[in-house]
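Asker: can you look at this prediction? I've put the sequence above it.
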Amino acid sequence: MSDTYAVDHYENFPVASLLLPPAMRRPIAIVYRFARTADDFADEGDHGPAERLALLDGYRAELDRLEAGLAPQSALFADLRDQVLVPHKVPVQLFRDLLDAFSQDVVKTRFADFGEVMHYCRRSANPVGRIVLHLAGQAGSKQLAWSDGICAALQLINFWQDVAVDWQKQRVYLPQDELARFGVTEAQIAAAQVDANWRALMAFQIDRTRRLLRAGSPLGTTLPGRLGLEIRLTVLGGDAILKKIEAADYDVFRRRPKLGALDWPMLLLRAIFPRAIRS
C-alpha cells in the first residue's frame, strides 16, 4: 500500500484520511499496511492453515527482532520501528494482539457466546484505536476506554453486515447461544432465510452494538482538531451502517449494507457539528 490510503479492500471507514493531522498520516499508513497484510495472510490466497500460521509467525519473529534491538529483515518493519514504535512509544503488544486475532481466524470459526466475540474484538479491533491514540499523544485511560468501545462496535458492525460473506468462509460470528435463544439455525444462514426469528436476532445485535458505539462517542468530542473530527465521522459512519441494516429489514444476504459516495457529505456535515452525533 502507498503511504496514502489506496487499498484493494472495501473499507467502511476512513483510513489515514485527509481529515487526520498530516503528521499522523504516514505512521497510520504503516500500521494499516501491517494490519492489512497480516489479515491477508489469514484470509486471502490459497494457503493452507499451516502456511497461514507460519506467515503470521514470520511477523511475530520480526516483532521479536525489534524488541531485541536487532535490525528488521523487511522494509515494513523498519518503517514500523522508525515511524511508529520508537518515536511514539507505541507498545509492541498491540501488534502482537492483532497477530493473535488473525491467527485465531485461521483456526476458530464459531463463538460460544458474546464474551468470546468481545475477547476477539479486544485483539482484532481495539489495538488499532489504541495505536492511533498513542500516535496522537492522547492515550489517557478515559480515551483508551472510549476508543475500545468504538473499535469493538465497528468490528461488530462489520460482522453483522458480512454475515453472508463470512458464511462463505465457513465462519459465523453470531454467538452460538444467541442463535439458539432466537431460534435461528446455521441452515437458515446458509439459505439466506430472513424471518421473524432472524429479524429479532439482528435487532438485538444492532441495539447492543449501537449502545456500545455511542458509549465510546465522547472520544470524538474530547479529542482536539482533525482527529476529533475523524472520530466523530467514524462513529456516525458506523451508526449509518446499522441504520441501513434496519432499513433493509435486517436482510444482509441479498445486498450488503455499506456506505456510498452520497452518504459521506451529510455524515461529514454532521461530524463538523458534534451535537448531531447523537441524532
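Answerer: Nice, thanks for sending it over.
Asker: how about Arg96: what's its closest non-neighbour residue?
Answerer: Leu63 (6.3 Å; Cβ to Cβ, 6 or more residues apart in numbering). C-beta coordinates here come from the backbone N, C-alpha and C atoms, glycine included.
Asker: give me the neighbour count for the one you found.
Answerer: Neighbour count of Leu63, defined by other Cβ atoms under 10 Å: 20.
Asker: next one: the one 5 residues further on
Answerer: By the measure other Cβ under 10 Å, the count of residues near Ala68 is 7.
Asker: for it, grab phi and psi.
Answerer: In terms of degrees, to the nearest 10, the main-chain angles of Ala68 are phi -80, psi 0.
Asker: if I look at it, how far off is Leu76?
Answerer: From Ala68 over to Leu76 the distance is 18 Å, taken as Cβ to Cβ, to the nearest Å.
Asker: thinking again about what came up before, so what's the residue nearest to Arg96 up against?
Answerer: When contacts are counted by Cβ atoms under 8 Å, 6 or more residues apart in numbering, Leu63 is found next to Phe77, Val92, Phe95, Arg96, Leu99.
Asker: and it, what element?
Answerer: Leu63 is part of helix 49-67 when elements are defined by DSSP states H and E.
Asker: what residues sit buried inside that helix?
Answerer: For helix 49-67, the neighbour count (16 or more other Cβ atoms under 10 Å) marks Arg52, Leu53, Leu55, Leu56, Tyr59, Glu62, Leu63, Arg65, Leu66 as buried.
Asker: got JSON lines for the residues you listed, with pLDDT and distance to Leu133 too?
Answerer: Shown next, in JSON lines, are the buried residues of helix 49-67 (pLDDT from 0 to 100; distance: Cβ to Cβ, whole Å):
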{"residue": "Arg52", "pLDDT": "97", "distance to Leu133": "30"}
{"residue": "Leu53", "pLDDT": "97", "distance to Leu133": "30"}
{"residue": "Leu55", "pLDDT": "97", "distance to Leu133": "28"}
{"residue": "Leu56", "pLDDT": "98", "distance to Leu133": "25"}
{"residue": "Tyr59", "pLDDT": "98", "distance to Leu133": "22"}
{"residue": "Glu62", "pLDDT": "98", "distance to Leu133": "24"}
{"residue": "Leu63", "pLDDT": "98", "distance to Leu133": "20"}
{"residue": "Arg65", "pLDDT": "97", "distance to Leu133": "26"}
{"residue": "Leu66", "pLDDT": "97", "distance to Leu133": "21"}
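Asker: need those residues in JSON lines with distance to Ala180, can you?
Answerer: Output for the buried residues of helix 49-67, formatted as JSON lines (distance: Cβ to Cβ, whole Å):
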{"residue": "Arg52", "distance to Ala180": "30"}
{"residue": "Leu53", "distance to Ala180": "31"}
{"residue": "Leu55", "distance to Ala180": "35"}
{"residue": "Leu56", "distance to Ala180": "32"}
{"residue": "Tyr59", "distance to Ala180": "37"}
{"residue": "Glu62", "distance to Ala180": "42"}
{"residue": "Leu63", "distance to Ala180": "39"}
{"residue": "Arg65", "distance to Ala180": "46"}
{"residue": "Leu66", "distance to Ala180": "45"}
